[in-house]
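> only the shape, not the letters, is given here:
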């Protein structure tokens, strides 16, 4: 396909005009990046990106990630111009306004064609790594006939500065993700000014050192851009395993005669006078938010290649032996049948005093055997997180059909990649690290929740119970802080039965990520698998594990390892004629979803409510009330064996019972 500059120039200027008009109307936004990358985007959409606006969810489409999400008008303009149902021109007119799908930064749940939510710099590129992993894995499973596409990224200087970028590119190179193409908008400008204020890196050299192939082009010369992208897509045998960085030398705010090339155009409207001057400089005579018909026709033609490719793909899908299995996985549906449930019931039917991290491993052994879409991994803590099973062999460039990723010491990169895998579709990712290192993952966990991605975080060593490693590794505030994130389910199971239920619940939540906070130390099995009616008690978030025998005066609420302690406290109170319930609360979020009658039944008025959790007490007043008792740890831990630490910090029945009695007498 020959690219005609006389046709491409007005197409690129359409992006520039829509970007500057939308930002000006909103009096807010970032016009410089979309104006600077308009030429590159025009070549990409015209010749290289495979997409079909009539079928935006086509599984074998190329994935496009705008990692530099502040330049959101680039993708909004491209989606509109190429003929996606939305955004409409009215949506673009209301850019950054309440109710518009054209949010300040692209959000995957607002618009088809936006593959992931970006804006926190670097994470878009890191999620693209996960998408490329999913593509190679599904290709290995289903073959070229069904899965054979590329992942394209537009990233800015900020994306390449962020620490997660270093983690992501190392992982991408190690996994040989040659179908990953990153287009670097090298405009040498950040919000503060020239990039020379803060960096002197040779970025292409860094990428080459990491194992990438690097190319470059003049980002405003269509022939140069075409040459570079053509070379980037030549995945010959020698280069197939190397992801590609294309350095696009651009001018931020290209076309603005007085502000182009400066940080003034990075994150602020051009201003009415500069918008008018830009129109004159570009020869753009159309009114604001209008695209001349002949330019729109050229843009709409760009989707024809994808439509033709999709027609061929549909024919192959219809004749493929694995059609139904492929469609099931891409739809995110769990396999039908009761085999996994029966196997799990058999596993937890005995009496197993194991750490919940070990319980998780036992459960995963069955789940990964029956759910081939599960891809696990760990940030260099496989033996501690217990995340690898017999069914999950390593995923490597030699074996993309593997289902276990050794992420290395890259917690943030792992979490972001798992987001990309989940958003690509066809796989359910889970990954492990220590709970205290959830802080490294936190922004990606937040994006899991915001993007409604089914990602499962296996966070072990969940309290002072990890023992001798001391306060640097002992989570205190982490469980509670994770509970603050909307649309995130935090599970802290108390034994192997609850662990199995929590895994089940996490898998059955296609639009909600989950954190499993698991112990290092062994815990007694408090539950039996067989419940009347087969109900998963953990699905209620909290349930009555033990019922008061004497007149109920106390309700003991606990999570995880402290549930067994609550049972000991109950025994001591009952011995003194004080009736006490034990309520296990593996999930605050699921308990909050229950109706008021159920919550009131579990936590009735008129009795003393006592929470027991080896973490900060902040937040427990929600459940124990202002007159209740919250027993926890509002300080850092210490280095010692776990039993000594629990005794030292008052997590024993002998220490807790007097506090309960004193509160009852008050």
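Arrived safely. Worth saying up front: this structure is predicted, and the values here are computed from it rather than measured. Numbering: from 1, shown residues only.
> surely residue 440 touches residue 414?
No. Applying CB atoms under 8 Å, one finds residue 440 not in contact with residue 414, separated by 9.1 Å. Using the backbone N, CA and C atoms, a C-beta is placed for each residue, glycine as well.
> mutual contacts of these two, please.
residue 433 (CB atoms under 8 Å, 6 or more residues apart in numbering).
> between the two, who's got more neighbours?
residue 414 (30 against 22; other CB atoms under 10 Å).
> and the pLDDT at the residue nearest to that one when sequence neighbours are not counted?
Of all residues not flanking residue 414 in the chain, residue 407 sits nearest, at 4.1 Å (CB to CB, 6 or more residues apart in numbering). We have a pLDDT of 98 for residue 407.
> so that it lines up with my notes, have the first residue be 563 from now on.
Noted, 563 is the first residue going forward, which turns the last one into residue 969.
> looking at it, residue 969 is touching residue 940, isn't it?
Yes. When contacts are counted by CB under 8 Å, residue 969 is listed as touching residue 940 (6.5 Å).
> mind checking how far the longest helix along the chain is from the chain centre?
Longest helix in the chain by number of residues, with DSSP state H as the criterion: helix 567-588. Offset of helix 567-588 from its chain centre (CA atoms, centre = their mean, to the nearest Å): 32 Å.
> return the list of helices and strands in contact with the helix or strand following that helix.
Going down the chain from helix 567-588, the next helix or strand is helix 594-598, by DSSP states H and E. Helices and strands touching helix 594-598, by 3 or more CB pairs under 8 Å, 6 or more residues apart in numbering; DSSP states H and E, are helix 567-588, helix 635-644.
> returning to that earlier point: and the longest helix of the chain, average pLDDT?
97.
> in that helix, what's buried?
Buried residues in helix 567-588, counted by 16 or more other CB atoms under 10 Å: 570-588.
> and what of stretch 630-650?
Neighbour-count burial for stretch 630-650, counted by 16+ other CB under 10 Å, picks out 630-644, 646, 648-649.
> that older thread, next, format the helices and strands packed on helix 594-598 as a markdown table and append distance to residue 1149.
Formatted as a markdown table, these follow (distance: least, CB to CB, whole Å):
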| stretch | distance to residue 1149 |
| --- | --- |
| helix 567-588 | 40 |
| helix 635-644 | 36 |
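> looking at these, which is nearest to residue 1198?
Among the helices and strands packed on helix 594-598, the nearest to residue 1198 by CB to CB is helix 635-644 (44.4 Å).
> quick one: that closest one to helix 567-588, angle?
Counting by axes from the mean of the first three to the mean of the last three CA atoms, to 10 degrees, helix 635-644 lies at 120 degrees to helix 567-588.
> how much distance is there from helix 635-644 to the middle of the chain?
Distance, centroid of helix 635-644 to centroid of chain: 24 Å (CA atoms, centre = their mean).
> so for that helix, what's the average pLDDT?
Taken as a whole, helix 635-644 has an average pLDDT of 98.
> how about residues contacting it?
573, 576-577, 580-581, 584-585, 591-593, 595-596, 599-600, 603, 607, 613, 615, 626, 628, 648-651, 653-654, 657, 664, 668, 673, 675-676, 716, 853, 858, 861-862, 864-865.
> returning to that earlier point: list the residues that contact both of residue 969 and residue 940?
Contacts common to residue 969 and residue 940, judged by CB under 8 Å, 6+ apart, are 976, 993.
> residue boundaries of the strands in the stretch 763-912 of the chain?
Using DSSP state E, counting those that start in this stretch, the strands of the stretch 763-912 of the chain run over residues 775-780, 806-811.
> picking up where we left off before, wait, which of the helices and strands packed on helix 594-598 is closest to residue 908?
Closest to residue 908 of these is helix 635-644 (CB to CB; 49.4 Å).
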